[in-house]
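In: kindly generate the corresponding structure for this input.
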Amino acid sequence: MAVGGCAFSSDDIVIKSPTDRRLYRYIRLNNGLCGLLIHDPDIYSNESITKGGGGSPEDEEMDEDSGEEEEDSEEDDDVDDDNDSEDDKGKQGASQCKKAAAAMCVGMGSFSDPLEAQGLAHFLEHMLFMGSSEFPDENEYDSYLSKHGGSSNAYTEAEHTCYHFEVKPEFLEGALRRFSQFFISPLVKAEAMERELLAVDSEYNQVLQNDSCRLQQLQCHTATSGHPLNQFFWGNKKSLGDAMEKGINLREQILKLYGDYYQGELMKLVIIGGEALDVLESWVLELFGKVKSGVAPKHDSRLGIPIWTPGKLYRIEAVKDIHMLDVSWTLPSLRKDYMKKSEDYLAHLLGHEGKGSLHYLLKAKGWATSISAGVGDEGTHKSSIAYIFGMSIHLTDSGLEKIYEIIGFVYQYIKLLRQVSPQKWIFKELQDIGNMEFRFAEEQPQDDYASELAENLLIYPPEDVICGDYSYKIWDVDMIKYVLGFFTPDNMRTDVISKKLQSSQKFSCEPWFGSQYVEEDISPRLMEMWRDPPAIDISLHLPARNEFIPTDFSIRACKTSDDTTCNPFPVCILDEELLKFWYKLDKTFKLPRANAYFRITLKGACNHLKNYLLSELFIHLLRDELNEIIYQASVAKLETSVSLHSDKLEFKVYGFNDKLPVILSRVLSITKSFVPRDDRFKVIKENLERTLRNTNMKPLNHSSYLRLQVLCQSFWDVDEKLKLLDHISVSDVRAFIPELLSQLYIEGLCHGNLLEEEALNISNIFKSYFPVKTLPFEMRHKESVMCLSSGSNLVRDDKVKNKLEPNSVVELYFQIEPESETDLPRLKALISLFDEIVEEPLFNQLRTKEQLGYVVDCSPRVTYRILGFCFRVQSSEYNPIHLQGRIDEFINSLENLLNGLDDESFMNYKSGLMAKLLEKDPSLAYETNRFWGQIVDQRYMFDLSEKEALELESIRKCDVVDWYKTYLRQASPKCRRLAVRLWGCNTNWEDSDAQIISVQSIPDIVDFKKLSTFYPAIC
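Out: You can find the predicted model right below:
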């Protein structure tokens, strides 16, 4: 059926969850572009809208220049302090309204890079943000989204590139009008290319010292010549700059790549809005009907080329202190067999952590601390050419010496799987879990959901675009055996990542990341033994049936009409000496899920450094002891986390609520009687040592660490912890635990699909396992934050921890005021509105125009309820003095920017912030975390977002200007600054001594804190 410019349209084709209230329409335009249109009834649930929505191109005037944020592939691993946080405006909102969103996935990625210009697909992605024929200003798109409560992102994968955004719903049409031009008439201006090439290079430099990225690039570098994996996908100044030096016209290459692949047949569009489906379709026809049609060039499939040479082991020198064994097998592409999920069946068994598993055996031997297995989601591992099934095993020092024995056990388990035919009951468990996840799926943030569905449109037929990831429809024994047939030593890639490489070995150097590695031949004798192991260790067997898979999915909100359950916020249902307990029945999401969070204040955990280290060891040892039971529950989508925050042991149990009391009871029973064993203490202590040595390897985390080290009165230095750890024994921990648990105070929250009596039963579980004395209020640790003196201008300099880290960081922190109950909503509204106004101009000036570095941002900070504001830049090109100078110059220019805002723009920023403050929580987990944040901070202002939004209505432009002059201009006595400057390996450390007279350096942090004053502790 053709509808106008549509070749096909259907409202009934997409299979959705019975709990999903959204409406879906699948369309295919005459130019081949496929789209999924989603009407979300919650977006305009309390408003009437006109057909056209809002945000036509005539509504707004734009500034200049643009730039998008890529995903940060580096892991966060260092600063663990939940009382120092960015004030994320978009994640704290009450359940009132939702964003609109869109995503476009183009079926072309880095596999299409020409060999002479590697990284070109990634560079093309950057260039599409730099203006179009209809909207030539480079930051038109970014500025429009920023003014209307929105944001954008993009990423390049092996075989696709995805662009996505979210925006205040009434401005969806205007955002789509700008977005659509990416795919019709990008300018790709030469002058913008020069600058954006630096952004690509900065992105590469950001991950240059990332072990995961270095391993991936070594695997690409050592892939068979001619295979699409044998390239450098990131791109940098050298790979793209060298192309230009060789006479290649990069602009022509980009336009050719764009012309070849940016065609309707390869484009998958998803739009989520509150408008009727007919309205959304009319916008798509108008705005995307001009996308050109055509046939993309065909690559030779290269299916016959093996990725790697068999019989090799690669040892790569790690940046961090880690030991990891990575084993991979190449499988044929299994996209068409997504209903069978044979690879997931095998991943479930090879990555299992229960009794009988590889993990259980290797952990018992003291060789491994964790195992993960499966086909990764990244495009290089899950392509149309091949799937790569990987096993990553994190090793102990002992395990590093037993690499070949460990691989031997892997093949023993594989032999077991061949001997014991595939088990239907195991597949049925996975099927039941997949079905319940699909049936009771939690909503995601809108732009994440749009991106996921756009990617899925490239993989699945339209009817399975939502359910394809969850579907285990077809039990196929022969298919599982067929896939298992690829798990042989002759099809194996082996990498060992470790800080410990033998210096006598001859190193090779991977050219792009500079990684040192050694290539070894695996002996034919071992290869032969692994093909058919002579025996299978007696401890290896299939897992037991999972006792935590839920069976009760009834919704409690449907069973009660009690007025006390209608409160929109948690209520305190228990306030005793030992236990304070908050409760809220979920009546919003109505899914069989619940979240139970608890903080147990421990006696004396923060009294001094040794106590804190002993407490840390206790938590790590406890988590290790609980691992088997926690893992089984997590497979059934009932998660448990155990962590230490200051002197508080935090338990979180969250997921399907049916077995929640069971897992909590089991966890607390083990905790109560837990006594550490000698063998596990040795492993856990070694692991903690390694963690401490790896702390601050990431510059952005290091700069935050240095800031908190100055601000917080009790802050345990990582180097001091490492020294003391060497002298702690298992007997110290055993002696310490009874004292630690002798007096407690517990505060908790139960939120979700549980009745009040069920929540009270959960609180009784705690009381039954911990019948101890109450820890008095005055013995509970509260953190004090330094009160920076009037007009202070402090500088803290330090070198990067990794001597090969090229990135420098400047974090410029302004201390504002302590929270007060009466003034907090208005002060937060002012800070958030200032942030809303300046974040895009900051990015536009310092990154897009000046190209200082890849990370350029600003945000409010809340440090133990002391308000602040931070500007931050990370750069591999400039030293901290230059970076701080550019930040200062930008801050000084803000008075003109603020005064120059016209009334309409100012109101747009207010409206955009209002939408973020009142944004509906996408899921129960988001709502629980928002409530829990108030409890952790002991603020208990569950309606803070509404109060902030109410105050926002009365804020005028002059109020923002006054706030800026009061707290950020150095002429003001209330301007109190701390600059943290982290010096990268390519900078001259001696330049840090060149201080101007008005700046106070902090050479000795201990002496400085002795002479400082601190705010009274609030939480």
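In: where's the longest helix along the chain relative to the chain centroid, distance-wise?
Out: Taking DSSP state H as the criterion, the chain has its longest helix at helix 609-635. On the basis of CA atoms, centre = their mean, to the nearest Å, helix 609-635 sits 23 Å off its chain's mean C-alpha point.
In: quick one: buried residues of that helix?
Out: Neighbour counts over helix 609-635 (16 or more other CB atoms under 10 Å) mark 611-627, 629-635 as buried. For every residue, glycine as well, the C-beta is placed using N, CA and C.
In: same check, this time on stretch 542-550
Out: 542-543, 546, 548-550.
In: so which of the residues you listed is the closest to Val855?
Out: Phe548 (40.7 Å; CB to CB).
In: that closest one contacts Leu664, correct?
Out: No - assessed by CB atoms under 8 Å, Phe548 is found out of contact with Leu664, at 11.7 Å.
In: for Ala994, state which of the buried residues of stretch 542-550 is nearest.
Out: Phe548 (60.9 Å).
In: assumed that closest one was part of a helix.
Out: No - per DSSP: H, G, I helix; E, B strand; the rest coil, Phe548 lies outside any helix segment and is coil.
In: how near is it to Tyr813?
Out: Here Phe548 is placed at a distance of 45 Å from Tyr813 (CB to CB, to the nearest Å).
In: next: Phe656.
Out: In terms of CB to CB, Phe656 sits 42 Å off from Tyr813.
In: could you measure from the closest residue to Glu547 other than its chain neighbours over to Glu576?
Out: Of all residues not flanking Glu547 in the chain, Gln632 sits nearest, at 7.1 Å (CB to CB, 6 or more residues apart in numbering). Shown here: Gln632 relative to Glu576, a distance of 33 Å by CB to CB.
In: give the buried residues for stretch 950-970.
Out: Buried residues in stretch 950-970 (16+ other CB under 10 Å): 951-952, 955, 957, 960-961, 963-965, 967-968.
In: no, scratch that, I was asking about stretch 638-647
Out: In stretch 638-647, counting by 16+ other CB under 10 Å, buried: 638-640, 642, 644, 646-647.
In: need these in a markdown table (columns: pLDDT and distance to Asp113).
Out: Listed next are those as a markdown table, based on pLDDT from 0 to 100; distance: CB to CB, whole Å:
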| residue | pLDDT | distance to Asp113 |
| --- | --- | --- |
| Leu638 | 98 | 43 |
| Glu639 | 97 | 39 |
| Thr640 | 96 | 43 |
| Val642 | 96 | 44 |
| Leu644 | 96 | 46 |
| Ser646 | 93 | 48 |
| Asp647 | 95 | 52 |
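In: surely Leu649 is within a helix?
Out: No - according to three-state DSSP, the state of Leu649 is strand, so it is not within a helix.
In: shaky segments in the stretch 451-600 of the chain?
Out: 502-504, 561-565 (pLDDT under 70).
In: right, and the helix or strand after the helix-or-strand element of the chain with minimal mean pLDDT?
Out: Here the helix or strand of the chain ranked lowest by mean pLDDT, DSSP states H and E is strand 84-86, holding a mean of 65. Moving toward the C-terminus from strand 84-86, the next helix or strand (DSSP states H and E) is strand 100-106.
In: so which elements touch the helix or strand just after that next one?
Out: Toward the C-terminus, strand 100-106 is succeeded by helix 120-127 as the next helix or strand (DSSP H and E). With contacts taken as 3 or more CB pairs under 8 Å, 6 or more residues apart in numbering; DSSP states H and E, helix 120-127 sits against strand 151-156, strand 161-167, helix 190-206, helix 250-261.
In: so who does Leu824 touch?
Out: Applying CB atoms under 8 Å, 6 or more residues apart in numbering, we find Leu824 in contact with 941, 944.
In: do Ile831 as well
Out: 87, 816, 860, 867, 869, 963.
In: skip the chain neighbours and tell me the closest residue to Gln749.
Out: Wrong residue type there; residue 749 is Leu, not Gln. Nearest in space to Leu749, with sequence neighbours left out and distances taken as CB to CB, 6+ apart, is Trp582 at 4.4 Å.
In: the one you found bridge partners, please.
Out: Cys572, Leu749 (DSSP bridges).
In: number of residues surrounding it?
Out: 24 (other CB atoms under 10 Å).
In: now it: how far from Asp469?
Out: In terms of CB to CB, Trp582 sits 34 Å off from Asp469.
In: where does the prediction get shaky in the protein?
Out: Ranges of the chain meeting pLDDT under 70: 1-4, 46-96, 299-304, 502-504, 561-565, 995-997.
In: repeat the analysis, applying 50 as the threshold.
Out: Residues of the chain meeting the criterion pLDDT under 50: 1-4, 47-82, 90-95.
In: hang on, the earlier thing: run through the residues that contact the residue nearest to Glu547.
Out: Gln632 neighbours (CB under 8 Å, 6+ apart): 354, 546-548.
In: helices of the stretch 801-950 of the chain, residue ranges please.
Out: Along the stretch 801-950 of the chain, the segments classed as helices by DSSP state H, counting those that start in this stretch run 824-842, 880-892, 894-899, 903-917, 924-936, 944-954.
In: by contact count, what packs against the fifth one?
Out: I take that to be helix 924-936. strand 579-585, strand 593-602, strand 743-752.
In: and the angle for the shortest one with helix 924-936?
Out: Going back to what we said before, that points to strand 579-585. 150 degrees (axes from the mean of the first three to the mean of the last three CA atoms, to 10 degrees).
In: just the last one next, same as before
Out: In terms of direction (the same axes, to 10 degrees), strand 743-752 departs from helix 924-936 by 150 degrees.
In: strand 743-752 to strand 593-602, inter-axis angle?
Out: 170 degrees.
In: quick one: contacts of the helix or strand that strand 743-752 is followed by?
Out: Counting by DSSP H and E, the next helix or strand C-terminal to strand 743-752 is helix 756-769. Here helix 756-769 makes contact (CB under 8 Å, 6+ apart) with 556, 564-565, 573-574, 578-579, 581, 583, 585, 596, 598, 660-661, 664-665, 668-669, 671-672, 746, 748, 750, 754.
In: CA atoms only: put helix 756-769 into CSV for me.
Out: C-alpha atoms of helix 756-769 as CSV (Å, rounded to 0.1, in the frame of the first residue of the first chain):
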residue,chain,number,x,y,z
GLU,A,756,3.6,-2.4,53.1
GLU,A,757,3.4,-5.6,55.1
GLU,A,758,5.9,-7.2,52.6
ALA,A,759,8.2,-4.3,53.1
LEU,A,760,7.9,-4.6,56.9
ASN,A,761,8.7,-8.3,56.6
ILE,A,762,11.9,-7.3,54.7
SER,A,763,12.8,-4.9,57.6
ASN,A,764,12.2,-7.8,60.0
ILE,A,765,14.7,-9.9,58.1
PHE,A,766,17.4,-7.3,58.9
LYS,A,767,16.4,-7.1,62.5
SER,A,768,16.5,-10.9,62.9
TYR,A,769,20.0,-11.2,61.5
